[in-house]
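J.: Requesting a structural model of the entry that follows:
(chains A and B)
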Amino acid sequence: MNFRTRVALAGLPALFAFMFVAWPLVAILKRGFVIDGSLDLGAIVDIFGSDRSRSLVTFTVVQAAVSTLATLIIGLPAAWSTSRPWWGASLVRSFMTTAFVLPTLVMALAFSTIFDRGLLPIVLSHAAFNVAVVVRIVGNAWAGIEPGTGDAARTLGASRFFAWRTVTLARLAPAIASSAILTFLFSLTSFGVVLVLGDYRQGTIETEIYRLSRTLQFDKAGALAVVQLFVVGAALSLSRRFSRNPVVDLTTVQTRQRAVGVVVPGLAALMGMCLVAIPLGTLACQVFFRRGQWTLNWWRALTSDELPLGVDPLASLGTSFHYAIAATFVAVVIGGATAFALAKASRGLRLLDGLLMLPLGVSAVTLGYGYLITFDEAPLRLRDFYYVVPLAHAAVAVPIVVWVLTPAIRGVAPGLREAAATLGATRAKVFWNIELSLVAPSLGVAAGFAAAISIGEFGATALLGRSGTATAPFAIGRLLSVPGETARLAAFGLALSLALSTTLLMLVIDKLTTLGIR
Amino acid sequence: MTRPMMALAVAVAMAFGACGTEEPSPDDAPITVKILAHGSWVTAEGIFEPLLQDGIKVEVITSGDAGALTNEVILDAENPRADVVYGIDNTFLGRALANDVFGVHDYNTTGIATWLLDGIDQSRVVPVDYGDVCVNYDIRWFAERQIAPPTNLDDLIDPVYKDLTVVPDPNLSSPGLAFLLATVDRYADAWDDYWSDLNANGVQVVDGWSTSWYTEFTVSGGTRPIVVSYASSPPADVMFSDPPRTEPLVAAVDDGCFRQVEFAGVSRNSKHASEAVKVIDFMLSEAFQADVPANMFVFPAREHVRLPEVFDAFALRPTAPVRMSVERSEELRDETIARWTEVVLK
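T.: Numbers count the residues shown, from 1 in each chain, chains lettered A, B, ... in the order given. Sure, this is the predicted structure:
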C-alpha cells in the first residue's frame, strides 16, 4: 500500500477517534478546568483539600501497586513455565488468557463467594486477571532467549547467579517492566472488582467518578476524572523510562528453551491456575450444588417472576450478544483500518495510534462519563441512541484489535504482494486475496477479543446503560442490589452463563490461532 | 478466507436487522402507557385492568430507588422512557422540578388529604402515598441480651449500642437521605457532630436499604440489630413471614421519623400525555389507593381508605414525624450529602 492509500484508510479511524475518544476527553478536561467560561483550578484544588478525596487517590494507587506486586509474584513463575517446551505450556497460556477476558463482575462474584469485602480479594482478583499479561509478555521474551547466552558468560568465569542476572534478567527486564506497567494501569482503573469486593466506604477514583456521575454531580466527577487522567499519564510517562512501548504480543513465540520435564513447570504455573480456578469453581458449586444436592434451580431463577420488574436475565443475555456483535464489527473495522494504515508507521499516523490507545488508560467509567456529558444535545444526543453502549465497547476494544493485527500484517511477506502485482492483479485484488486472506485468522482472533471485551464490559455500561437496554453485566449489577435468594441465584447463574460464553469464544480463538497464526 | 468474512457479514446483518421499527398499531388497539416506578413497586395482579375500557394498557418498568429514579428521569427528560413517573419523593422532588421533567396537566385530586397537597404545584405532580422513615430494631436480639432497645436518636451514639447500627448511604438511597435530613432537623447546626459520634460508635454504611435490611440486619441473619427502615416495617414483617407469624420481630422507634411523600407526574415529552393523566387519576382513585398499603407498605394519600388489619395493629403512627417541605429539602440536600460524605465516608 502506498502512502496515500494508507492516509485514506486512516480516515475512518480518525473520525472515530475524534468522535468517541478525543471529544469526550476534551469535554471532561473542560468540566474539570473551566468554570463559567474561564480557567479555574478550584475544583481540582478542592479535591486535594478534602480528606476523603486524598484518601481515595492514595488507596487507588496503593491497591494498584500491591496488585502489581502480587501479579508479578504469581505471574513470573507461570511465565517461566510457559517458556519451556512441555505439553502444558499452551494450556496455561490459554487458561490465563481466558481469565484475562472474563467479565470483571464474574471474577468479582467468584471471589466474593470466598472472601469478605476488603483489600485482599481486590488484589487477588486483579492478579487473577493480569497474570495473563505477565505470562504473555514475559513468557514470550523468556522463550526467545537462546539457551546458550548464559553459557558464554559462565565460560568466561562469571558465577551462575552473575550470568543469570547480567544476561537473562537483563533481557527480561523490559518485558517485566512492560507487564508491570500494564497491570498497574489495569488495576488503577479497575471498576467492577472494586465495586463488588471493596469496602463500601473505601472506593477508588474510578468508583467515585461512578458514584458522582450517578448522582448527577458532573462537575465533581469531571475534576476527579482529570485527576485520574493525570495519575494514568504519570504512570505511562514513567513507563517510557523503562520500556519503549508496552505492547502485548498476543501471538505465541516458538520457544528456544531446553525442556526441563513436566513437574517443575507444572508446579510453577499451579499458583496462577489455582488463583483463577478455585474462585470460579466455588461460584459454579454455589450455582449447581445447593442445600446438599445438585440442582438446576439457577436456570429457573433466570426466568422467575419473583425477580424485580424490568430485570430479565435472558433478555439481557440477548442484548449482550447483540451489542457484542455490533461492538465487534465497529472495533474490527476501525482497528483493522488502523492496523493496515500503521503497518508502516509515519509520524501523523502515530498520533492516531496514540489517540486510539487512550481508552486503555483512561478507563471505561471515565469514557462513559465523557459520553454522558458530550452526547447531551441534539443533533448529537447519542446518549439515547440504542447503540451508544456498543460504541463505547468498541472504543475500549480497538487497542486490543490493533495489538493483535499489527504483527500479523507486518508479517505478510512483501514479495507475495509484488508477485501478485507483477502477475497482473489489481491493487484491490492484492489486498483482498493476499493481505486480507493472510491475516484472516488474526482478524478472527481480534474479533474474538473484541466480542469478549464487549460481553464483559461494565464500567461504561453502568453509566450509559438503562434498564430497558440492560446487558448481562448490568443485569447482574441490578440483581445484586435487590433482596432475595432468587435474585442472588439468578445473578450467579447469569455470571456463569457469561463465563461459559467467554470461554467458548476463547476456544474458538485458540482454534484460529493454531490454524494460521505463526 | 471467505468464510470468516461471510460470517462477519451475517453477524453485522443480524446486529442491525434486530433494530427494526415497531409495527404501527391499528386504531382500535389499546394505547400502551408506560409507568417508570421506583424499584419497590408492587401492586395486585391486574390492578390496571379497568383502564382497558378507556383503551389504555399499562406497562410498568422499574428503576432504582427514588434518588436513582430522579436522576434517570432527568437524564432522559428529552426522550423519556415512560409516560408516567411514579415514586419520586419529597426529598428529591425539588431536583426533578428544577430540571423541568414534568408536563403541566389537570389532575383529579378530590378526596386526597389536603395536608399532602399543600405547597405542591399540583399541575405538575400529585401525591400518591406517604410513609415514615424510622429507626427499626430486632426485638428478639435485644430481649435475649437483656439490653433495652433504643428509644431515640441520642441512643444510637450511646456506647451501649456500639457497632449495632447500619444505615443506607444518603448518596444513593432515599430512606438514607430521609434519615439524614431527620438528623439535620433534630440537631440543626450540630448535625455533623452527631454523625461523627455515630461514626465513632461504629455505624456501618451500605449502598441501599435492601442491603441493610436483607444482608446486615440480624433478623435476616446479619450482625446489626438496628437499621433505618419504615414505620410500616413491623406489619410488613408479619405479612411476609415464612413460616407465618402473628407478631412482628421488628419494632420502629418513635423518634427521628421522617415523613416521605411519593409523587406521580406525566413526563414532559410523553407522547400519550392525555392517557397518562387518566392513569394517574386512576392511581388516585379508591380502587388503586386501597391496594397500596398491603403491597407497598405505605399509607394511601386518599382519605377514608380502609387499611388492612395487620397495618392497623402493628404500623407505628409516629407522634411527631419530621415534615420537610420540598423547598427546604431541595435547599438542604446537596450540601448536606456532600458534608455527610466528608464526615462519614472517609
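J.: Could you list the low-pLDDT ranges of chain B?
T.: By pLDDT under 70, the weakly predicted segments of chain B are B:1-28.
J.: repeat for chain A
T.: A:1-3, A:239-253, A:291-292, A:308-310, A:344-349, A:377-381, A:383-384, A:466-468, A:483-484, A:513-518.
J.: What's the first helix or strand after whatever helix or strand A:Gly139 lives in?
T.: According to DSSP states H and E, A:Gly139 maps onto helix A:119-143. For helix A:119-143, the succeeding helix or strand toward the C-terminus, using DSSP H and E, is helix A:149-155.
J.: Where do the strands of the chain begin and end?
T.: Went with chain A since none was named. When secondary structure is read from DSSP state E, chain A shows strands at A:34-35, A:38-39, A:289-290, A:293-294.
J.: right idea, wrong chain: chain B
T.: Using DSSP E, strands in chain B cover B:31-37, B:56-62, B:84-89, B:125-138, B:165-168, B:204-206, B:226-230, B:250-252, B:258-266, B:299-300.
J.: Indicate whether the third one makes contact with chain A.
T.: I take that to be strand B:84-89. No: in terms of Cβ under 8 Å from any Cβ of the partner chain, no part of strand B:84-89 sits within range of chain A; the closest distance is 12.1 Å. For every residue, glycine as well, the C-beta is placed using N, CA and C.
J.: Tell me which residues of that strand come out buried.
T.: By 16 or more other Cβ atoms under 10 Å in any protein chain shown, the buried positions in strand B:84-89 come out as B:Val84, B:Val85, B:Tyr86, B:Gly87, B:Ile88, B:Asp89.
J.: coming back round to it: give me whichever of the strands of chain A is most buried.
T.: Most buried of those, by mean neighbour count (mean count of other Cβ atoms under 10 Å in any protein chain shown): strand A:34-35, with a mean of 14.
J.: Give me the distance from that strand to the chain's centre.
T.: With Cα atoms, centre = their mean, to the nearest Å as the basis, the distance from the averaged C-alpha position of strand A:34-35 to the chain average is 33 Å.
J.: Note down every partner strand of that strand and its orientation.
T.: Strand pairing for strand A:34-35, using DSSP bridges, gives strand A:38-39 (antiparallel).
J.: List of residues touching the strand it pairs with?
T.: Strand A:38-39 is contacted from outside by A:Phe33, using Cβ atoms under 8 Å, 6 or more residues apart in numbering or on different chains.
J.: Pick out the residue of the stretch 201-346 of chain B closest to chain A.
T.: For the stretch 201-346 of chain B and chain A, the shortest gap (Cβ to the nearest Cβ) falls at B:Tyr214, measuring 3.8 Å.
J.: how about the helices of the stretch 51-200 of chain B, start to end?
T.: B:66-75, B:93-98, B:114-117, B:139-145, B:174-187, B:191-200 (DSSP state H, counting those that start in this stretch).
J.: Could you name the helices and strands sitting against the second one?
T.: In terms of contact count using 3 or more Cβ pairs under 8 Å, 6 or more residues apart in numbering or on different chains; DSSP states H and E, helix B:93-98 is assigned the packing partners helix B:66-75, helix B:326-344.
J.: Please produce TSV containing these, extended by mean neighbour count.
T.: Supplementary listing: these in TSV, determined by neighbours: other Cβ atoms under 10 Å in any protein chain shown:
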stretch	mean neighbour count
helix B:66-75	23
helix B:326-344	17
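J.: Relative to B:Phe311, tell me which of the ones you listed wins on proximity.
T.: Of all those, helix B:66-75 sits nearest to B:Phe311, with 21.9 Å by Cβ to Cβ.
J.: Please enumerate the helices of the stretch 151-300 of chain A.
T.: Listed in chain order, the helices of the stretch 151-300 of chain A (DSSP H, counting those that start in this stretch) span residues A:160-163, A:170-188, A:192-197, A:205-214, A:218-242, A:263-288, A:297-302.
J.: looking at those helices, which is closest to B:Glu262?
T.: Taking Cβ to Cβ, helix A:205-214 is the member of these nearest to B:Glu262, at 20.9 Å.
J.: buried set for the closest one?
T.: Neighbour counts over helix A:205-214 (16+ other Cβ under 10 Å) mark A:Ile205, A:Glu206, A:Thr207, A:Glu208, A:Ile209, A:Tyr210, A:Arg211, A:Leu212, A:Ser213, A:Arg214 as buried.
J.: Please identify the residues of the stretch 51-200 of chain B in proximity to chain A?
T.: Proximity of the stretch 51-200 of chain B to chain A, by Cβ under 8 Å from any Cβ, involves residues B:60-64, B:67-68, B:71-72, B:74-76, B:78-79, B:81, B:95, B:169, B:171-172.
J.: at 7 Å what do you get?
T.: Taking Cβ under 7 Å from any Cβ of the partner chain as the test, the list of the stretch 51-200 of chain B residues beside chain A reads B:Val60, B:Ile61, B:Thr62, B:Ser63, B:Gly67, B:Asn71, B:Ile74, B:Asp76, B:Glu78, B:Asn79, B:Arg81, B:Asn171.
J.: out of those, which is most surrounded?
T.: Of those, B:Gly67 is surrounded by the most neighbours, 29 neighbours in total, counting by other Cβ atoms under 10 Å in any protein chain shown.
J.: Appreciated, that's everything.
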